[in-house]
Structures are given as C-alpha cells and as structure tokens.
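**Q** coordinates only, sequence not included:
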C-alpha cells in the first residue's frame, strides 16, 4: 500500500491522535512481500490461460490478476501468524478469500448492478468478454474458492469442513449477499440501521472470515479466534468508513447513488467512528500468542488515511 | 414422474427393445416418495421466508421450491443405497446438488443468457424480483450448496472435504460452467466434438457428481464409486438426448438457438445413442453391494420416453 504511505506523509496525524503513535513497523515492505506471495499462489490456483474453454480461463485470470491490494488474503495470513501459526498454514484459505472477493466484484460490476466498465483502469470482465461471461466468470470464481478450501491439507480432522462453513456463512444469504441486497435496495435513502447492516454484511463479514480462516487453519483456540474476529470486524468497518470519506472527495459523474456513511453522519462523526473501531480492533489483539505487529500496523495505516 | 408413465403408455416399446423388458419396479411410487423427502429437506435448508433481507429469502425459496423432478438429488440418494448405505447418509449432499443445479437455472434464465421469463409455468427469479436479484439469488444458492455440504456430519474423517471437492470440481470452470460457455459460443453451429463436450460438462458432470456424492457419503470403495460414476455419466447423456428429442417436437417460437444433438445426427441415430448409453449405464451397476433396482428403473424409464 505505498500510496497510503505517501498519503500519510501528506496528511500528518493531528496532535492528540495517540492511536497513530506507534508506527515503527515497516508496513510497506511487509505488504509488498505478502502481496507477491498471495499473487504467486493465486496464479497457481487459476486455470491455465489456454485451458478449455480459453475464453473462460482468460476471463477468470483477468478478473483475479488485474491488481488489487490483496488486503483480505494478507489479513488471513497475518491472522494465522497472530494465532501462533505460520503464513504457510493459511496460504490456500487466503487465496480462497480473495477468489470469493473477486467474484463479488465481477458480479457487482455487471450492467444490472453497478454497471462499471472499468476497474483499476482496466476493462471489467463483462466489458471485455460480454455480459454472459461476466455472470459465468463470477460463478466460476466462487466455485473455485470452495474447491481451493476443499483441497487444503488437513492438519487436524474437520479443519476443511470448518473452513468451508466459515467462508460460506460469511459469503452467503446471511452475509455478503444480504449486504448487497440491502445496499441496492436502500442506497438512495439509507437509515443508520441500514448503514450498520450493510457495513457489517457487505464488508466486515468477509474481513472477519479472512481472519477466522487464517486462525482456523493455524489451529487457533476459541478465545484467540474471538479476538481475531473482533479485530477483523473493526478493521472492516474502518475500511468502509475510510473508503466512503475518500470517495466523497472524488468526482462521481454519472455514477449510481452509492450508500455512504456520510448520508447519515458528518465527516467528523465518521472520522471519530473509524478511530473508535480501529482502537477497539487493536485492543482486541492483546494476549494473542503470535506476532500482532502487522495487524496493528495495518489498522493504523488505514486510519491514517483520513486523520 | 407420472407424466412419463402416461407417455410410456401412449408409446409402447417397439418389439426388440429388450432393454425395457424389466420394468416391474414401481418407479412412480418410489419417485413420489423420494421427491417428497428431498423437498422437505430442501425447505429446511433454505432461509425462512421472512429472514432479512426478505426479498432475497423469498427469491431463494421461489427458485428452489417451484417444482422440478428432483432427478439429481434422487440419483444421489439412490447411489448411496446402491453403494450399500442408506438414503439418510446422503440427504444433505442430495440437497446440495439440487441447490447447485437450481443456481445454474436461475443464472441461465437471466436476460444476458437464455432470457427466459417462465420456468415450469411460473415467473423466473429475475422476471419476478428484477435482474440484480436474479444474479444475487443464484449466487446465494451456490454458496448455500457448499454450506450444506460443509455441515454434513462426518462419518469418517475427510468426508466433507471430499464432498466439497467433488461438487466444486463438477460445477466449476472445468465442469458445468465450461459446458455453459461452449454452449453459448457454439449453439448456432455445433460440431460433434462441441456436442460431446457440452453434454459431458453441462449435463453429465452434475449427474455424475450427484451419484458420487451419494456414494462418498455412504462410504463407498473406489470400485463401486467408479461403477456409479459410469452409470451417472450414461444417465446424464441419455437425459440430454431425450430432452433434445422431446424438445424438437415442441414449438419454440422466438427462442434463442439451442444446441441439440439433432444438429449433428438424425433422430434415429440419437435414439440409438440414448439406448446405447442407457445399456452401458445399467451394465455398470453389476456387482454393487446395495439395491440397484431404482437406478436401473430410472434409466429405463427415461429411455422409454423416446422409444
């Protein structure tokens, strides 16, 4: 996330924001190395570019390998380490989380949803390969996420069943998809209740699943799993609030109305909310058996973008 | 399948079709009882109709509970029994297979795919709830299929991992979705190679997965698993050939071109092909430890629709 580092230089933390005091961890180097690791493994999970039907294989690779911060898989790996395991324990689950996330983006971009033609400066899947391939590529990425999990070597019996159940429950009709449905329905006139619901379901659930999958793969106990869930929930909320605040300062000509926390609160309230959720997230890391510096640094770096 | 029974009465098997000689099993009663069992469990797997967001829960229930022959889940249950287990072993996997199948129908019906407004005489999901809900309902049904599998009680360690891997591999980019992509691409001018590929991937893979999931849930050995895979493959091909032959005699005003075996062979050749695949399927049942009468009767009943 080098861009954030630059942004932080441009916007020094105001006096009093003690939450940002401890920023000695070299997050930029850490994130770059983890991003590389995740992308190498994502590449190996995907069908070869010429696998029949080539159009589908290409579209899947285009969707997954066209950049992105890889925040969720990095969270998954870091959670495994914070729980006392290794990043290697969580590599396959981390790829599954990113594939799941990518499928939601591909379907979100469809004409009947956000109708986006560009993502990260490149054509979206349906813009490049047609709408039917947009639907089918997203479908195939979701299937692949579960296949990757199913083929995770089991350290202890029942781990795969737990990983699949955790991801499915976060991603499904009581998780991410529920958030998307309420987002579409109430984007034009949200209430605070809707906002909380959408942030929790559409965004925080998958952050939470990322951390939990990493922790489960590392064999975490229930207490440590709960701590990491609290951390990831807070990080997810902070991420969404930061996203809304940064979006509010960008021109959005012709876009569909998007649900934003600024529909129901002021910018100052949103900043306070993000700082509060970040502090609670960092507090939850207390007592974990592994290295929690990367997680804390990630949370602080995110918050620094709006303070 | 009482309609088939009627149809069979109207079209008695021609002399010489010895494959249909043994039709003493009371398939109608069997199918009705199994359909009821599957539908009861499907109903319990789905979110309650008022679960938030209610629009999504309703759409999921509409998609799954609006009828259908339940052929794939019934195949799953019958395969468990043929492998020496019980239908109860395979109930959750059978529901997972039907949810997976239903998600493919919901997405197939979308405007950018087949653009169908009616299915079994009722409005399709996107026709009733809008296109965005059509995409998201299909997505949620796929997720639910894997969640149901993940929550299957494990008789022996590793069963869930195997069930998820089997279903994902049959449903994904090398299975059903691959078949759909080639179907869309070559529907207007198929070759025999394309036809075989689409029949195998779009149709037979899920029949095969249904049988394999039932067998795996029942603890089948590799040899019995292979026999049931051969059976289900043949049944899948026969099903698709029968479907094409019956469709050819229906008016299809205004429909998109659909891939049909009649594009690359005559009706007589198609009937021979179906009879050949059915015979091979029934032969493969030889030596299985459990009751194979329902599977054989199912295959014969299907074939009887075109002989």
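**A** Ah, there it is. Source: prediction; values computed, not measured. Residues are numbered from 1 along each chain as shown, chains lettered A, B, ... in the order given.

**Q** residues contacting residue A:195?
**A** Residues near residue A:195 by CB atoms under 8 Å, 6 or more residues apart in numbering or on different chains: A:259, A:261, A:263, A:264. Bear in mind the C-beta positions are built from the backbone N, C-alpha and C, glycine included.

**Q** columns secondary structure and neighbour count on top of the residues you listed, output as CSV?
**A** Shown next, in CSV, are the contacts of residue A:195 (DSSP: H, G, I helix; E, B strand; the rest coil; neighbours: other CB atoms under 10 Å in any protein chain shown):
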residue, secondary structure, neighbour count
A:259, coil, 24
A:261, helix, 26
A:263, helix, 18
A:264, coil, 16
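
**Q** same list (the residues you listed) but as JSON lines, adding distance to chain B and pLDDT.
**A** Below are these laid out as JSON lines (distance: CB to the nearest CB, whole Å; pLDDT from 0 to 100):
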{"residue": "A:259", "distance to chain B": "14", "pLDDT": "91"}
{"residue": "A:261", "distance to chain B": "20", "pLDDT": "95"}
{"residue": "A:263", "distance to chain B": "19", "pLDDT": "93"}
{"residue": "A:264", "distance to chain B": "19", "pLDDT": "95"}
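
**Q** CSV for these, including distance to residue B:236?
**A** Below are these laid out as CSV (distance: CB to CB, whole Å):
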residue, distance to residue B:236
A:259, 44
A:261, 50
A:263, 51
A:264, 52
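
**Q** now, which of those residues sits nearest residue A:295?
**A** residue A:261 (23.2 Å; CB to CB).

**Q** ok, then the element right after the lengthiest helix in chain A?
**A** Assignment by DSSP state H gives helix A:222-248 as the longest helix of chain A. Next along the chain after helix A:222-248, taking DSSP states H and E as the criterion, comes helix A:267-284.

**Q** for chain B, what is the nearest residue in the stretch 201-307 of chain A?
**A** In the stretch 201-307 of chain A, the residue that lies nearest chain B is residue A:201 (9.2 Å; CB to the nearest CB).

**Q** check that residue and give its pLDDT.
**A** Per-residue confidence (pLDDT) for residue A:201: 97.

**Q** excluding chain neighbours, give the residue nearest to it in space.
**A** Distance criterion CB to CB, 6 or more residues apart in numbering or on different chains; nearest residue to residue A:201, sequence neighbours excluded, is residue A:179 at 3.0 Å.

**Q** which helix or strand contains the one you found?
**A** helix A:176-186.

**Q** same check, this time on residue A:133
**A** helix A:131-150.

**Q** which helices and strands does that helix pack with?
**A** If contacts are counted by 3 or more CB pairs under 8 Å, 6 or more residues apart in numbering or on different chains; DSSP states H and E, helix A:131-150 sits against helix A:54-65, helix A:91-108, helix A:125-129, helix A:159-171, helix B:91-108, helix B:131-150, helix B:159-171, helix B:176-186.

**Q** and those helices: which comes nearest residue A:33?
**A** Going by CB to CB, the one of those nearest residue A:33 is helix A:91-108, 13.4 Å.

**Q** partner strands of the very next helix or strand once past the closest one, with direction?
**A** Note on helix A:91-108: by DSSP H and E, the next helix or strand toward the C-terminus is strand A:118-119. Looking at strand A:118-119 with DSSP bridges, its partner strands are strand A:122-123 (antiparallel).

**Q** work out for me the element the residue nearest to the spatial centre of chain A sits within.
**A** Residue closest to the mean C-alpha point of chain A, counted by CA atoms, centre = their mean, is residue A:72 at 3.8 Å. Residue A:72 belongs to helix A:71-82 when elements are defined using DSSP H and E.

**Q** now that helix: mean pLDDT?
**A** The model assigns helix A:71-82 a mean pLDDT of 98.

**Q** now do stretch A:291-304
**A** 97.

**Q** and that stretch, what's buried?
**A** A:292-304 (16 or more other CB atoms under 10 Å in any protein chain shown).

**Q** just put those residues in TSV and tack on distance to residue A:134 and secondary structure.
**A** Shown next, in TSV, are the buried residues of stretch A:291-304 (distance: CB to CB, whole Å; DSSP: H, G, I helix; E, B strand; the rest coil):
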residue	distance to residue A:134	secondary structure
A:292	39	coil
A:293	40	helix
A:294	35	helix
A:295	34	helix
A:296	38	helix
A:297	36	helix
A:298	31	helix
A:299	34	helix
A:300	37	helix
A:301	33	helix
A:302	30	helix
A:303	34	helix
A:304	36	helix
